[in-house]
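Peer 1: Using only what follows, build the 3D model:
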Amino acid sequence: MRLLCCSGTLEGGGSERQLWRLATQIDTSRFAPHIYLLHRRGVFLEQVPARVPIHAFEADEPQRQRHLPGQIFARQVRHLQRAIEKQQIDIVYDRTFHMTLVTSRACRRTKTPRVSVIVSPPSQDFSRSRERWRWLKKWMLSRAYRSPSDTTLAVSNSVAEDAATFYRLQRERILVIPNPVDVPSVESAAQATVPSNPMAPAAQASSTLRLVVVGRLSQEKGQRRVIEAVSALVQRRPEMKIYLDIVGDGPDRAQLEQLASTLHLESLVCFHGFLRNPYPIIRSASLLCLPSDYEGLPNVMLEAMVLKTPVVATDCSGSVKDAIGDQQRGILVPVGDVQALARALLESVDNRLQTRQRAEAAYDWVIERHSLPPWLERMQRLFSDKVTARGRERAS
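Peer 2: Numbers count the residues shown, from 1 in each chain. Okay, here's the model as predicted:
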């Protein structure tokens, strides 16, 4: 079966990572995977094996100086439609609402079954986006997710419930399949040398707190609040050595660097930028902070749990709340509450035994629910069923 995995790029985001993982690790005795990109760029490009063909809109379509509203979208749909027809694709898979807008129309024209994944609560993710013609795109997405011949997935129950309300869908039409973690790969990658931060020693001494935040540097990810919490801790516990590693890049980097400077934290906060392998830093940290305003099912939280790094997170989604449990597998704090975050960080330091027990419980929880092989088998079974069902429809 020819599977076409569609994405805007193969940059280092969680959705791109999951799509790359599916395309490169699916059972090749049953599937012939292809990748389709709107823009041929991203850190995962060089990690795609030669056996997986890559098709790209930008590579084939010349750029035009001027275009009418909707013209680029129409060209993308036509280009994807030609790729589906030329490669004789049996099923299409995508993971972002931007891509679903394109795949849904192309698949409707080619009568190709489609599986689309909603990765974040659209009441937050779509509503906060800077999309032009938002009302029209919302209507188009609602139609796409409602299509009886296609399948809509969500990464968590809370995302599914939010999507059903936002797009006015029947909740039972949205299938929940949580994100997987490639446990052996994460554990192996974490053994590499920790990226240099001369300011921060390994977090071994009881008087040392080394924090790490991983994610796109943008307002909804909440890095600002962690910097402010570190400032509060420095004033409250001047004898404690506190270091903050910020991994990732994005539009707010300059503002965050300025904030650290304004609070006189230049020697305590290290901005690493985007790292292809953030796992050594996560493994060596005292705590991973997830300070987001909202999330779907954050991969970095699951990966930290695999590495037995304790997690302090905001109560930003039902999936995060489920992962943390009743403070059994981490600490949950209210969204936007800097003082509560500071108190949670101190609690983790002052109660190291309980913090370690939570990390052990989190590891067991992830291994039981988010291992990669069961996820791959479930996705492969879903694809096979969709293609078989479409074949029966055509035959009849």
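Peer 1: contacts, neighbours, all on C-alpha from now
Peer 2: Fine.
Peer 1: Contacts only, for the nearest residue to Arg173 once chain neighbours are set aside.
Peer 2: Take Arg173 and drop its neighbours on the chain: the residue closest to it by C-alpha to C-alpha, 6 or more residues apart in numbering is Thr152, 7.1 Å away. By C-alpha atoms under 8 Å, 6 or more residues apart in numbering, Thr152 lies in contact with 115-118, 145, 173-175.
Peer 1: Please name every helix or strand in contact with the strand or helix carrying Glu377.
Peer 2: Assigned by DSSP states H and E, Glu377 falls within helix 372-395. Using 3 or more C-alpha pairs under 8 Å, 6 or more residues apart in numbering; DSSP states H and E as the contact test, the elements touching helix 372-395 are strand 91-94.
Peer 1: coming back round to it: could you dump the contacts of Thr152 into JSON lines and include secondary structure, neighbour count and distance to His79?
Peer 2: Below are the contacts of Thr152 laid out as JSON lines (DSSP: H, G, I helix; E, B strand; the rest coil; neighbours: other C-alpha atoms under 10 Å; distance: C-alpha to C-alpha, whole Å):
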{"residue": "Val115", "secondary structure": "strand", "neighbour count": "23", "distance to His79": "19"}
{"residue": "Ser116", "secondary structure": "strand", "neighbour count": "23", "distance to His79": "19"}
{"residue": "Val117", "secondary structure": "strand", "neighbour count": "22", "distance to His79": "22"}
{"residue": "Ile118", "secondary structure": "strand", "neighbour count": "24", "distance to His79": "23"}
{"residue": "Tyr145", "secondary structure": "helix", "neighbour count": "27", "distance to His79": "22"}
{"residue": "Arg173", "secondary structure": "helix", "neighbour count": "17", "distance to His79": "29"}
{"residue": "Ile174", "secondary structure": "strand", "neighbour count": "22", "distance to His79": "28"}
{"residue": "Leu175", "secondary structure": "strand", "neighbour count": "16", "distance to His79": "29"}
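Peer 1: can you give me the helices for the stretch 151-300 of the chain?
Peer 2: 157-167, 183-189, 223-236, 253-262, 279-284, 299-306 (DSSP state H, counting those that start in this stretch).
Peer 1: which of the residues in the first one are buried?
Peer 2: Same thing as helix 157-167. 157-164, 166-167 (16 or more other C-alpha atoms under 10 Å).
Peer 1: quick one: average confidence on it?
Peer 2: Mean per-residue pLDDT for helix 157-167: 95.
Peer 1: What are the contacting residues of that helix?
Peer 2: 118-123, 138-139, 141-142, 153-154, 169-171, 174-176, 296, 317-319.
Peer 1: For it, output the C-alpha coordinates as CSV.
Peer 2: These are the backbone C-alpha positions of helix 157-167, laid out as CSV (Å, rounded to 0.1, in the frame of the first residue of the first chain):
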residue,chain,number,x,y,z
ASN,A,157,-9.3,12.8,24.8
SER,A,158,-9.2,16.5,25.7
VAL,A,159,-8.1,17.5,22.2
ALA,A,160,-10.9,15.4,20.7
GLU,A,161,-13.5,17.0,23.0
ASP,A,162,-12.2,20.5,22.2
ALA,A,163,-12.2,19.7,18.4
ALA,A,164,-15.7,18.3,18.5
THR,A,165,-17.1,21.5,20.2
PHE,A,166,-15.0,23.9,18.1
TYR,A,167,-15.8,22.3,14.7
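Peer 1: Tell me the gap between it and the middle of its chain.
Peer 2: 17 Å (C-alpha atoms, centre = their mean, to the nearest Å).
Peer 1: can you check the third one too?
Peer 2: Relative to its parent chain, helix 223-236 has a centroid offset of 26 Å by C-alpha atoms, centre = their mean.
Peer 1: again, but for the second one
Peer 2: On the basis of C-alpha atoms, centre = their mean, helix 183-189 sits 18 Å off its chain's mean C-alpha point.
Peer 1: Go through it and flag the buried ones.
Peer 2: 183, 186-187.
Peer 1: as a whole number, average confidence for that helix?
Peer 2: On average, helix 183-189 scores 94.
Peer 1: Check which helices and strands that helix sits against.
Peer 2: Against helix 183-189 (3+ C-alpha pairs under 8 Å, 6+ apart) you get helix 279-284, helix 299-306.
Peer 1: What are the contacting residues of that helix?
Peer 2: 277, 279-280, 303, 306-307, 367, 371-372.
Peer 1: go on, the longest one?
Peer 2: The contact list for helix 223-236 (C-alpha under 8 Å, 6+ apart) reads 213, 217, 240, 242, 244, 246, 256, 259-260, 263, 265, 269, 289, 291-292, 336-339, 341-342, 346.
Peer 1: Those residues in strands, which ones?
Peer 2: 213, 242, 244, 246, 269, 289 (DSSP state E).
Peer 1: Quick one, which of the residues you listed are buried?
Peer 2: 213, 242, 244, 246, 269, 289.
Peer 1: one step back: spell out for me the PyMOL command that would select the buried members of the contacts of helix 183-189.
Peer 2: In PyMOL syntax, the buried subset of the contacts of helix 183-189 is picked out as below (16+ other C-alpha under 10 Å):
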select buried, resi 279+280+303+306+307+367+371+372
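Peer 1: Between the contacts of helix 183-189, which sits nearest Ser129?
Peer 2: Ranked by distance to Ser129 (C-alpha to C-alpha), the contacts of helix 183-189 are led by Glu303 at 26.7 Å.
Peer 1: Verify the stated contact: the closest one with Val181.
Peer 2: Yes. Using C-alpha atoms under 8 Å, Glu303 is in contact with Val181, at 6.7 Å.
Peer 1: nearest to Val48, of the buried residues of helix 183-189?
Peer 2: Of the buried residues of helix 183-189, the one sitting nearest to Val48 (C-alpha to C-alpha) turns out to be Val186, at 17.6 Å.
Peer 1: Format the buried residues of helix 157-167 as CSV; extra columns: distance to Gly12.
Peer 2: Converted to CSV, the buried residues of helix 157-167 look like this (distance: C-alpha to C-alpha, whole Å):
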residue, distance to Gly12
Asn157, 25
Ser158, 24
Val159, 22
Ala160, 24
Glu161, 27
Asp162, 26
Ala163, 25
Ala164, 28
Phe166, 28
Tyr167, 28
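Peer 1: Report the helix or strand with the lowest average pLDDT across this protein.
Peer 2: Least confident helix or strand, the chain: helix 57-60 with a mean of 79, by mean pLDDT, DSSP states H and E.
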